[in-house]
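coords please:
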Amino acid sequence: MRRVLGVVVGMAVPIALVAGLTTGARGAVAAPRDAVTWGSCPGSKSAATVECATVKVPLDPAKPNGPAISLAVNRIKGSASHDQNGLGVLLVNPGGPGASGVTLARYVAAALPKDVAARYDVIGFDPRGVGGSEPALSCVDPKRHFAAPRADQVPKDDVAAAALVARAKAYADACGARWSWLLPHLTTENSARDMDAIRQALGEQKISYLGYSYGTYLGSVYATLFPNRVRRLVLDSVVDPEGVWYDANIAQDYAFDRRHREFLAWVARHNDDYHLGRTQPEVSAAYAAMRERLAARPAGPVGPSELDDIFTVGGYTDIVWPQLAAAFAAYAKRGQPDGLVTAYRQHVDHDAAAENNYAVYLAVQCRDAEWPRDWARWTADTAKVNARAPFMAWPNAWYNAPCAFWPEKGGEPVHVGDAAGHLPPILLVQSHRDAATPYAGALRVRSRFPSARLLQEGGGNHGVSLGGSPCVNRYLAAYLRDGSVPGGAQRQPGRRADATCAAGPEPRPLPPAERGAGHLRLTKVIAGQ
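Predicted structure coming up:
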């Protein structure tokens, strides 16, 4: 699923521990605690409370004594994590696939209430292929492949479409040429087994987990494979396991289009500030005109495809709506592109880390499940979506297009669920109008996990825990303290959530003095899908 966004190396784990890692035997005896050798984080100016290490895991979990790869991990140790009232470790994952978890660990440890943070060691990790893990996947030179402005992602004719198909195939071929030995093993299931290897390396009988976006799917798979190893499980912005992954992208197209229209309607409500139209259709026409203008004459690095990427950020979070609207108005009304260029530089420009994220994103999603190999199917499906939801239909198709040509065919996804009822209570957190992971996915996951309870936040932002909602944060803290979930033992029927939190207030336009390019401080979002 489409993402906008966007290194630690520690001491090696003893080789004897690698040989002891199983492929998911639930009765395995945990290794002694702190078998991992923790040390300082090289090149980091983080506080001394942040420690780093590596954990070696089998390249192929089915062959635990075979070749190994390394995962970068970090730890923010809770002062009472292993005392009488301690709760052990809390692994965190920000999504992707392809996003690094080590930065999120520091954020989570700082954002949790102090009494909760004290009871956990917060553990971040870079999944296989990502960031500080070795090897880290990279398929192309990002400066060349992503040089801006790129060709328009909405092809005008068959010739333009053929060029985009060739570009997607070239990326897939480059990944296959460099990483033929690694690509077969980059799957969500293997990353879930890596999580259990981390558990064993830490000497823990059970782990707790907080995952956002794609991280919810990773957590769902882990809970399915290792239900007896779960203490607490928080899934925020929940991926629908039935859509993995081609259908999920189509559902996402419709959801992002709805959210984009909500943004345009917000701009219309503030016409006195932006002067782009008093109705959503009027603002939509102004947006289309801006895109056509950039297609004819890009503004530096910002052409129509870069514009799509910039405004996709607004689908993840309304925090950036005032800044995006200011950049929109400055260009559309006064011909000033600085705001758009600044937004591109801060949030879209592809550096080496972003290309690593993208390579792993494709490697995992293309391998997890089957994708159509007939490009005519993609064209027909995308044209159908584009007729009703044009904002992200073609951009999302091209973002995922290498999966049509991926050197490794997709496999059979894990059937997510807990039919045997082995899991403890699970907390699902979902905003009602989330575009990246539509609400229906949370309902589906709740139906597959009998112990799951759903907390609905009334807004549309992606990734709401430990953000701006005191209500959500209270439920999260209560759950992490004692396992209490919204609604208790009785789950609500149908589409009703087990508890709700009101949406936060709408953003307000920036004061006029803060609408210049220098004030476009767009906040990065959780690495969503």
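
from here on, contacts and neighbour counts on C-alpha atoms
Will do.

Stretch 326-335: how far from the chain's middle?
30 Å (Cα atoms, centre = their mean, to the nearest Å).

oh sorry, the question was meant for stretch 297-312
22 Å.

Equivalent analysis for stretch 306-314, please.
For stretch 306-314, the distance to the chain centre is 16 Å (Cα atoms, centre = their mean).

what does that stretch rub up against?
4, 148-150, 256, 260, 263, 291, 320-321, 324, 340, 343-344, 347-348, 391-392, 395, 525 (Cα atoms under 8 Å, 6 or more residues apart in numbering).

And residue 209, how far from residue 387?
40 Å (Cα to Cα, to the nearest Å).

can you map out the helices along the stretch 1-150 of the chain?
15-19, 102-111, 114-117, 142-145 (DSSP state H, counting those that start in this stretch).

can you put these in CSV and add mean pLDDT and distance to residue 361?
Converted to CSV, those look like this (pLDDT from 0 to 100; distance: least, Cα to Cα, whole Å):
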stretch, mean pLDDT, distance to residue 361
helix 15-19, 25, 26
helix 102-111, 96, 17
helix 114-117, 97, 30
helix 142-145, 94, 15
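
Out of those helices, which is the most enclosed?
Most buried of the helices of the stretch 1-150 of the chain by mean neighbour count (mean count of other Cα atoms under 10 Å) is helix 102-111; its value is a mean of 20.

Show me what that helix is packed up against.
The elements that helix 102-111 packs onto, with contact taken as 3 or more Cα pairs under 8 Å, 6 or more residues apart in numbering; DSSP states H and E, are strand 68-76, strand 89-93, strand 121-125.

Need the phi and psi values for residue 428.
phi -100, psi 130 (degrees, to the nearest 10).

what's the following helix or strand after the strand or helix carrying residue 366?
Secondary-structure element containing residue 366, defined by DSSP states H and E: helix 352-368. Where DSSP H and E defines the elements, the next helix or strand beyond helix 352-368 is helix 375-388.

How far off centre is that following helix?
25 Å.

pLDDT (mean, whole number) over it?
What helix 375-388 shows for mean pLDDT is 98.

tilt between the helix or strand following it and helix 352-368?
Downstream of helix 375-388, the first helix or strand assigned by DSSP H and E is helix 393-400. Counting by axes from the mean of the first three to the mean of the last three Cα atoms, to 10 degrees, helix 393-400 lies at 90 degrees to helix 352-368.

which residues are contacting helix 393-400?
With Cα under 8 Å, 6+ apart, helix 393-400 has contacts from 1-2, 153-154, 164-165, 168, 249-250, 253, 305, 308, 362, 378, 382-383, 385-386.

If any of these are buried, give me the PyMOL selection for them.
Selecting the buried subset of these in PyMOL, with 16 or more other Cα atoms under 10 Å as the burial test, is done by:
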select buried, resi 1+2+153+154+164+165+168+249+250+253+305+308+362+378+382+385+386
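
ok, the nearest residue to residue 118 once chain neighbours are set aside to residue 108 distance?
Closest residue to residue 118 apart from its sequence neighbours, by Cα to Cα, 6 or more residues apart in numbering: residue 78 at 4.1 Å. For residue 78, the distance to residue 108 equals 12 Å [Cα to Cα].

repeat for residue 231
Counting by Cα to Cα - residue 231 and residue 108 are separated by 18 Å.

My understanding was that the residue nearest to residue 118 contacts residue 115; is that so?
No: contact criterion Cα atoms under 8 Å: residue 78 and residue 115 do not qualify, at 9.3 Å.

quick one: residue 128 and residue 186 touch, right?
Yes: under the criterion of Cα under 8 Å, residue 128 makes contact with residue 186 at 7.1 Å.

neighbour-wise, which of these two wins?
The neighbour comparison of residue 128 against residue 186 (other Cα atoms under 10 Å) goes to residue 128, with 30 against 23.

List the contacts of the nearest residue to that one once chain neighbours are set aside.
Of all residues not flanking residue 128 in the chain, residue 71 sits nearest, at 6.2 Å (Cα to Cα, 6+ apart). By Cα under 8 Å, 6+ apart, the contact set of residue 71 is 54-57, 125-128, 132-134.

make it 7 Å
54-56, 125-128, 133-134 (Cα atoms under 7 Å, 6 or more residues apart in numbering).

same question, residue 507
318-319, 322.

Now do the same for residue 210: helix, strand or coil?
Put simply, residue 210 is strand when judged by DSSP: H, G, I helix; E, B strand; the rest coil.

and it, how many neighbours?
Residue 210 has 23 nearby residues by other Cα under 10 Å.

can you pull the contacts of it?
91-93, 233-235.

Show the pLDDT at it.
98.
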